[in-house]
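In: fold the following for me, if possible:
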Amino acid sequence: MKSVLISIQPYWVFLIIARLMGWNIPQEKTIEIRKDYPKASDWNKVVHIYCSKSRKSFNRIPKEYQPFMEKFLGRVIGEFVCDRIEQIPCYLDAGKYEEYLVEEEFLKSCQLTYDELFNYLKGKDGYGWHISDLKIYDHPRELGEFYVRCGDRKIKCDGCKYKKQDSWFDPHYCEVDGYISLARPFQSWGYVVP
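Out: Numbering: from 1, shown residues only. Model prediction:
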């Protein structure tokens, strides 16, 4: 079974974990918006949270919480179960008008305005990953503690005769079927073996 590792900016991580941490914050983020979603049949529904190093996002966190949140930057801070993924369809009217049919409560769960949602999805369908069973690790984990299977995302292990620059290979084929530890976070998300 494989899990997912998702990259989330610090301010959004703060809003996801605030209630669990017992912080008196009026907002709570219980849905993460993405442009696609995991489709692998062997995904175990576990999503590991990587807190990105974005200083712009970090600076949005209230000052009194920044010292605590600082230790999370560039690390895997916890995990949640994605018990449901909700499609956010975009309706096009002859290519002139784009509209997302979302309710105010949904936007509140995402901690986004309609304009922010629209600007992020850019007139395409989106997906709301529902966050449940949130756990924060006692000690944040390093990316190198997570592995990708050789061939996922065109990453190749040392034993492969195929190299990264070969564009004709099947990206899911590996003679060795090895695993490689992560050196960089995914831009959005990817499958991992913890």
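In: dump the helix of greatest length in the chain to PDB, keeping only the CA atoms.
Out: Ranked by residue count and defined by DSSP state H, the top helix of the chain is helix 10-21. In PDB, the C-alpha atoms belonging to helix 10-21 read as follows (Å, rounded to 0.1, in the frame of the first residue of the first chain):
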ATOM      1  CA  PRO A  10       2.700  27.100   6.200                       C
ATOM      2  CA  TYR A  11      -0.300  29.400   6.700                       C
ATOM      3  CA  TRP A  12      -2.600  26.600   5.400                       C
ATOM      4  CA  VAL A  13      -0.900  24.100   7.600                       C
ATOM      5  CA  PHE A  14      -1.500  26.400  10.600                       C
ATOM      6  CA  LEU A  15      -5.200  26.600   9.800                       C
ATOM      7  CA  ILE A  16      -5.400  22.700   9.400                       C
ATOM      8  CA  ILE A  17      -3.700  22.000  12.800                       C
ATOM      9  CA  ALA A  18      -5.000  24.900  14.900                       C
ATOM     10  CA  ARG A  19      -8.000  23.200  16.500                       C
ATOM     11  CA  LEU A  20      -6.000  20.000  17.200                       C
ATOM     12  CA  MET A  21      -3.400  22.100  18.900                       C
END
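In: so what are the sheet partners of the helix or strand following it and their directions?
Out: Later in the chain than helix 10-21, the nearest helix or strand by DSSP states H and E is strand 31-34. Strand 31-34 pairs in its sheet with strand 126-130 (antiparallel), by DSSP bridges.
In: and the helices in the chain?
Out: Chain-ordered helices for the chain, with DSSP H as the definition, fall at 10-21, 55-58, 66-70, 104-110, 114-121.
In: which of these sits most buried?
Out: Stretch with highest mean neighbour count among the helices of the chain: helix 10-21 (a mean of 20; mean count of other C-beta atoms under 10 Å). In this view, the C-beta of every residue, glycine as well, is placed from N, C-alpha and C.
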